[in-house]
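Peer 1: Need a 3D model of the sequence below.
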Amino acid sequence: MGGKPFGKALGDSLGGSGRERARRRGQGQLEAQVLAALHRAPGPATAAWVQEHLGGDLAYTTVMTILSRLHAKRAVSRERSGRAYVWTPAADEAGLAALRMRRVLDGEPDRDAVLTSFVSALSEHDEQLLRALLDRATDATDDNVTAAGAGPGPGPTAPGHDHDRRDHHGHHDRHDHHDRRDPSDEAHGG
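Peer 2: Numbers count the residues shown, from 1 in each chain. Have a look, this model is predicted:
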């Protein structure tokens, strides 16, 4: 291929310094910039408005592609306004990062191994924060189930487990507030 790296050859053939700069930015960075622009908008915004407020160095079609990808990820919503769409952010940058993390996790065949590796690598502060968030989510689920008039289930099913219910994905969830559960427990009926 003539000695040029593929990315360099591709950038040279496209011309346009603005497009070249945009191409050097990663997809995640572009998505974050588009979301930030939408958050600064006084209301629902068109792709042309987003393009203008990003400095105009992205092609309109690039902005539309990014908005469409964000829409597919449910990070933005859109509605018709004449012949165009107007876009509204449904997630902030943290929400977008969480969507990307979820997409990576969904693409892995062994979710338990991935989650185990992730949790074991957390700092003590992050682990405490994650535990608090999980406890809060569990408490909110308990409140919603009780408000709907149904109990949390038949009661404890194994020593050390104080709840037996399904998580928000319908997966069997046994939650213990005191111990870190081994992901292989469920595979062994625990």
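
Peer 1: Which strand or helix spans residue 142?
Peer 2: In the assignment (DSSP states H and E), residue 142 maps to helix 124-147.

Peer 1: meant to ask about residue 88
Peer 2: strand 84-89.

Peer 1: for residue 34, what are its contacts?
Peer 2: Shown in contact with residue 34 (Cβ atoms under 8 Å, 6 or more residues apart in numbering): 50, 54, 63, 66, 67, 70. The C-beta positions use only the backbone N, C-alpha and C, and glycine is treated the same way.

Peer 1: Confirm it sits in a helix?
Peer 2: Yes - Residue 34 sits within a helix when classified using DSSP: H, G, I helix; E, B strand; the rest coil.

Peer 1: ok, it to residue 86 distance?
Peer 2: Residue 34 is 14 Å from residue 86, where distance means Cβ to Cβ, to the nearest Å.

Peer 1: Also residue 140?
Peer 2: Distance of residue 140 to residue 86, given as Cβ to Cβ: 32 Å.

Peer 1: just residue 40 next, same as before
Peer 2: 15 Å.

Peer 1: before we move on, what about residue 28?
Peer 2: Residue 28 is 24 Å from residue 86, by Cβ to Cβ.

Peer 1: Then residue 77?
Peer 2: For residue 77, the distance to residue 86 - Cβ to Cβ - is 9 Å.

Peer 1: on that earlier part again, who has more neighbours out of residue 28 and residue 86?
Peer 2: residue 86 (17 against 12; other Cβ atoms under 10 Å).

Peer 1: tell me the contacts of the more buried one?
Peer 2: Neighbours of residue 86 in contact, by Cβ under 8 Å, 6+ apart: 44, 45, 46, 78, 79, 80.

Peer 1: Please enumerate the strands of this structure.
Peer 2: Under the criterion DSSP state E, strands of the chain are mapped to 76-81, 84-89, 163-166, 172-175.

Peer 1: I'd guessed residue 79 sits against residue 71; true?
Peer 2: No - using Cβ atoms under 8 Å, residue 79 is not in contact with residue 71; the gap is 11.0 Å.

Peer 1: neighbour-wise, which of these two wins?
Peer 2: Neighbour count, other Cβ under 10 Å: between residue 79 and residue 71, residue 71 has more, with 15 against 9.

Peer 1: Roughly how far does that one sit from residue 31?
Peer 2: Separation of residue 71 from residue 31 (Cβ to Cβ): 11 Å.

Peer 1: Check residue 144 too.
Peer 2: With Cβ to Cβ as the criterion, residue 144 and residue 31 are 31 Å apart.

Peer 1: Compare those two and say which one has the larger neighbour count.
Peer 2: Between residue 144 and residue 31, residue 31 has the larger neighbour count (other Cβ under 10 Å), namely 24 against 10.
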